[in-house]
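1. build the 3D model from these lines:
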Amino acid sequence: MHFQPTEDQKAFQETARRFASEKLAPSYLERARGHTLDRDLLREMGALGLIGPDLPEDLGGLGESSVTAGLITEEIARADFNVSYIQLLGSLMGGMIAKHASREIASEWVPKVVAGEAIVGLGLTEPRGGSDAANLILKAEKSGNGWRLNGEKTSMSFSEQADVAVVFARTGDPAGGSRGVSAFFVDLNQEGVKRTHFDDIGTRPVGRGSVFFDDVFVPAENMMAEQDRAFGTIMAGFDYSRALIGLECLGAAQASVDETWEYVKGREAFGAPIVQYQGVSFPLAEAETQLTMMRQLCYYTLDLRDRGLPHTAEAAMCKWYLPKTACEIIHQCLILHGHYGYTTDLPHHQRYNDVLGLQIGDGTAQIQKLVIAREKAGRVVLQYDQKAKAK
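-> Alright, predicted model coming up:
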């Protein structure tokens with residue numbers, strides 16, 4: 001397989017790299033201490049075509065490939081892991097709206113996402129659910145020409161900053177699992193919506209938190225996909241975001257490795273640069289090897305998606321392996337900087353804390369390994385699980 005970027009893709013990559021190095025990298029640590037992202041910065045990203053480049057041209061996108069979106073995500077994440085969430089959610093949520101929302105909603109909101117003028121949240125996780133994503137309590141009940149939502153969503157990225165959200169709610173049998181779940185496009189700036197944010201150790205500008213819905217009205221036309229069948233239909237799109245998440249983590253780890261090479265070439269001990277010692281250079285050589293292999297996996301997965309081929313197992317591989325390995329690499333880079341690396345003057349601790357969250361969010365390693373096993377073993381694993389639940 002050959003994944004050499006095209007000239008157009010290289011141009012996008014270079015634009016993202018220049019923007020990231022000039023506008024994002026110098027202020028990464030400063031932004032990481034806050035709870036919000038500057039909307040002017042996001043609009044600048046949008047003007048450069050760095051948000052949702054894969055979205056349809058008739059909705060304001062550029063009609064580019066998933067691979068192009070991945071290249072941009074990786075470059076942004078090298079400079080600021082948290083800002084790269086904007087591109088990831090732009091592609092994921094913008095694509096979700098373009099495909100499953102009404103034409104009126106898509107025509108209004110996808111151009112705003114692409115332009116960096118709107119942030120779309122994802123209301124899926126609930127306090128009791130976690131990895132059991134379909135175990136939803138939040139209810140949507142018929143009310144006139146629409147629905148009323150009651151309940152809580154938690155761990156939503158940009159919980160206080162998002163303008164709107166795609167919210168999954170139970171419309172059918174509470175015992176129906178994923179069947180009986182519908183999705184709604186919800187304005188988060190209306191009466192009955194209350195939002196909070198968590199005091200996380202990383203990704204603070206992403207502002208993970210809870211959103212409470214108290215008798216919130218949603219028009220019937222804001223239902224996305226088919227009633228009671230949204231979970232399986234829409235969740236299929238998360239194979240895409242898992243590969244982009246892998247590239248987010250890879251970008252952060254690559255930045256730490258690049259900086260560490262420069263440090264160990266200049267730092268001297270016992271009369272020589274410490275890079276000459278195998279105990280210093282070998283861990284970095286191993287990291288470069290891991291990063292190269294992981295990069296190939298992510299772009300292979302995105303290429304499969306662009307060609308309309310199955311990529312669920314590969315996406316799950318990206319999601320469990322890259323956050324874990326990226327944390328290990330960043331940790332090693334911090335240590336190679338000695339006590340200086342242990343200070344908050346350098347970005348390694350922040351990258352570690354930022355990436356660490358993705359070992360938990362968007363599907364744990366255990367869930368991803370289960371997905372891979374089911375894809376490879378097929379119905380054997382699935383039937384065993386069903387029999388175990390029936391006992």
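2. going forward, measure contacts and count neighbours with C-alpha atoms only.
-> Noted.
3. now the spatially most distant residue from the centre of the chain: how far from H337?
-> Here the chain reaches farthest from its C-alpha mean at G271, the gap being 45.1 Å by Cα atoms, centre = their mean. Here G271 is placed at a distance of 17 Å from H337 (Cα to Cα, to the nearest Å).
4. please apply the same query to W147.
-> Distance from W147 to H337, by Cα to Cα: 56 Å.
5. also E74?
-> In terms of Cα to Cα, E74 sits 24 Å off from H337.
6. buried residues, stretch 40-58. List them.
-> 42-46, 49-56 (16 or more other Cα atoms under 10 Å).
7. got the domain ranges for the chain?
-> 7-118, 122-234, 237-390 (automatic domain parsing).
8. could you dump the ones you listed into TSV and include mean pLDDT?
-> TSV is the format used below for those (pLDDT from 0 to 100):
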stretch	mean pLDDT
domain 7-118	97
domain 122-234	92
domain 237-390	93
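9. angles on the backbone of E117, please.
-> E117 has phi and psi values of phi -100, psi -10 when expressed as degrees, to the nearest 10.
10. you'd agree it is up against L41?
-> No - counting by Cα atoms under 8 Å, E117 stays clear of L41, with 10.1 Å between them.
11. for G49, what are its contacts?
-> 62, 114-115 (Cα atoms under 8 Å, 6 or more residues apart in numbering).
12. again, 10 Å this time
-> Residues in contact with G49 (Cα atoms under 10 Å, 6 or more residues apart in numbering) are 12, 15-16, 43, 60-62, 72, 87, 114-116.
13. mind checking the SS state of it?
-> coil (DSSP: H, G, I helix; E, B strand; the rest coil).
14. could you check how far it is from A79?
-> G49 sits 17 Å away from A79, going by Cα to Cα.
15. for stretch 255-263, give me every contacting residue.
-> Stretch 255-263 is contacted by residues 75, 77-80, 251, 254, 266, 273-275, 280-281, 283-285, 287-288, 291, 326, 329-337, 341, 346-348, 351-352 when judged by Cα under 10 Å, 6+ apart.
16. recalculate using a threshold of 6 Å.
-> Contacts with stretch 255-263, where a contact means Cα atoms under 6 Å, 6 or more residues apart in numbering, come from R78.
17. any buried residues in that stretch, and which?
-> 255-257, 260-261, 263.
18. I'd like the residues you listed as TSV, with distance to S210 and secondary structure appended.
-> As requested, the buried residues of stretch 255-263 are exported to TSV (distance: Cα to Cα, whole Å; DSSP: H, G, I helix; E, B strand; the rest coil):
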residue	distance to S210	secondary structure
A255	31	helix
S256	32	helix
V257	35	helix
T260	37	helix
W261	40	helix
Y263	41	helix
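19. if anything else comes up later, I'll come back, but that's it for now.
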